[in-house]
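Engineer: Mind looking at a prediction? Sequence and model below.
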Amino acid sequence: MNNNFRSGFVAIVGRPNAGKSTLMNLVIGQKIAIMSSKAQTTRKRIETVYTCDEGQIVFLDTPGMNRARNKLGEYMNTEISGSLKDADIILWIIEASEVLSVPEQDIAEKLKATGKPVILVVNKIDVHTEEEVFKTIDAYKEVISFAEVIPVSALRNKNRQELIDAIIKNLPEGPMYFDEETVTEETERDICAELIRESALRKLDKEIPHGIAVEIDSMKERPDKNITDIEATIICERDSHKGIIIGKGGAMLKNIGTGARIEMEKLLMTKVNLKLFVKVRRDWRENSNMLKNFGYYNKKD
């Protein structure tokens, strides 16, 4: 191992839809966190690991910073606070044309209060002019001092290596926390549940996706290892939502399943036989026991 090996924990924060999960997936070179254009896509803190000769980065992908409207929202904000506490460095992801409004100023105050180095990552530079990018950077520099400012395009793979170099440079010298083969400690079962939710987020309209959770009921690899059989249940809050998720003649549920199955097969590198069911659990986002059953609880408790 390099004598000057650097390592540490890096919290990824920002408003919903800033591209946090896309960026993390790009850096580690594998899809672990789900992505969609809807808010609350990321609900749990997800840890992923990037290792190279110079150092090891443990990313803590967090939910988008937003005001809590229910117990699920409170849990998500707790995940953010815990990640900020655990982090050695904070990556603040913003969009290249993002206005410095009140929510962003609130984020800046929270990050300054940590006393930790903050790297500003200006995302989506591929769809904005250079003038917009520099204007945004100048505005943000007025409210907080940054260790680094790195413009990137997570979608187009622009400045990935520059970002990695900047992170490692600002990490303390330290040990390798995970072996170099580790990419994440998320289980395949957990990732598959999230892939179903991602597909639902992309297929369903309006507020319905915010009120769904996914449980993997069974996941078994066949003896010949050519097919994995998965049964899962999509949980929603209302009977009317159940009808929409299933769709006419089961068309929507089949559509959701097809999208999820394609991503699962990439993850598991095997054929997947996926069966989906839908159940109603009224107001589950306000029920502490249900939240815990669906995996929304602080692992340190």
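Structural biologist: Looks like it arrived, so ask away.
Engineer: ranges for the strands of the stretch 151-300 of the chain?
Structural biologist: For the stretch 151-300 of the chain, applying DSSP state E, counting those that start in this stretch gives strands covering 213-221, 227-236, 271-280.
Engineer: for those, which one sits closest to Asp61?
Structural biologist: Of all the strands of the stretch 151-300 of the chain, strand 213-221 sits nearest to Asp61, with 18.1 Å by CB to CB. For the C-beta atoms, the positions are set from N, CA and C on the backbone; glycine is no exception.
Engineer: same for the closest one, what does it pack against?
Structural biologist: Helices and strands touching strand 213-221, by 3 or more CB pairs under 8 Å, 6 or more residues apart in numbering; DSSP states H and E, are helix 188-203, strand 227-236.
Engineer: In a markdown table, list those along with mean pLDDT and mean neighbour count.
Structural biologist: What follows is the helices and strands packed on strand 213-221, written out as a markdown table (pLDDT from 0 to 100; neighbours: other CB atoms under 10 Å):
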| stretch | mean pLDDT | mean neighbour count |
| --- | --- | --- |
| helix 188-203 | 91 | 22 |
| strand 227-236 | 97 | 20 |
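Engineer: can you tell me which helix or strand Glu74 belongs to?
Structural biologist: helix 71-86 (DSSP states H and E).
Engineer: I'd like to know which elements that helix is packed against.
Structural biologist: strand 6-14, helix 102-114, helix 288-293.
Engineer: how much distance is there from the second one to the middle of the chain?
Structural biologist: In this case it means helix 102-114. Distance, stretch centre to chain centre, for helix 102-114: 20 Å (CA atoms, centre = their mean, to the nearest Å).
Engineer: Excluding its own residues, what touches stretch 145-165? List them.
Structural biologist: 19, 22-23, 26-27, 50, 52, 57, 89, 96, 117-126, 133, 137, 140-141, 166, 169-170 (CB atoms under 8 Å, 6 or more residues apart in numbering).
Engineer: want to throw the strands of the stretch 151-300 of the chain into JSON lines with distance to Ala11?
Structural biologist: Listed next are the strands of the stretch 151-300 of the chain as JSON lines, based on distance: least, CB to CB, whole Å:
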{"stretch": "strand 213-221", "distance to Ala11": "24"}
{"stretch": "strand 227-236", "distance to Ala11": "29"}
{"stretch": "strand 271-280", "distance to Ala11": "33"}
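Engineer: Which ones among the contacts of stretch 145-165 map onto helices?
Structural biologist: 22-23, 26-27, 133, 137, 140-141, 166, 169-170 (DSSP state H).
Engineer: Filter those residues down to the buried ones and hand me the PyMOL line.
Structural biologist: Here is the PyMOL command that selects the buried residues among those (16 or more other CB atoms under 10 Å):
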select buried, resi 22+23+26+27+133+137+140+166+170
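Engineer: Using TSV, lay out the ones in helices among the contacts of stretch 145-165 together with distance to Met252.
Structural biologist: As requested, the ones in helices among the contacts of stretch 145-165 are exported to TSV (distance: CB to CB, whole Å):
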residue	distance to Met252
Thr22	25
Leu23	30
Leu26	30
Val27	34
Val133	39
Ile137	42
Tyr140	41
Lys141	46
Ala166	43
Lys169	48
Asn170	46
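Engineer: for the ones in helices among the contacts of stretch 145-165, which one is nearest Asp106?
Structural biologist: Nearest to Asp106 among the ones in helices among the contacts of stretch 145-165, with distances taken as CB to CB, is Tyr140, at 13.4 Å.
Engineer: pretty sure that closest one contacts Ile93?
Structural biologist: No: taking contacts as CB atoms under 8 Å, Tyr140 lies outside contact range of Ile93: 11.7 Å.
Engineer: I'd like to know how many residues surround Glu131.
Structural biologist: If you count neighbours by other CB atoms under 10 Å, Glu131 ends up with 8.
Engineer: Got phi/psi on it?
Structural biologist: Backbone torsions of Glu131, given as degrees, to the nearest 10, read phi -60, psi -40.
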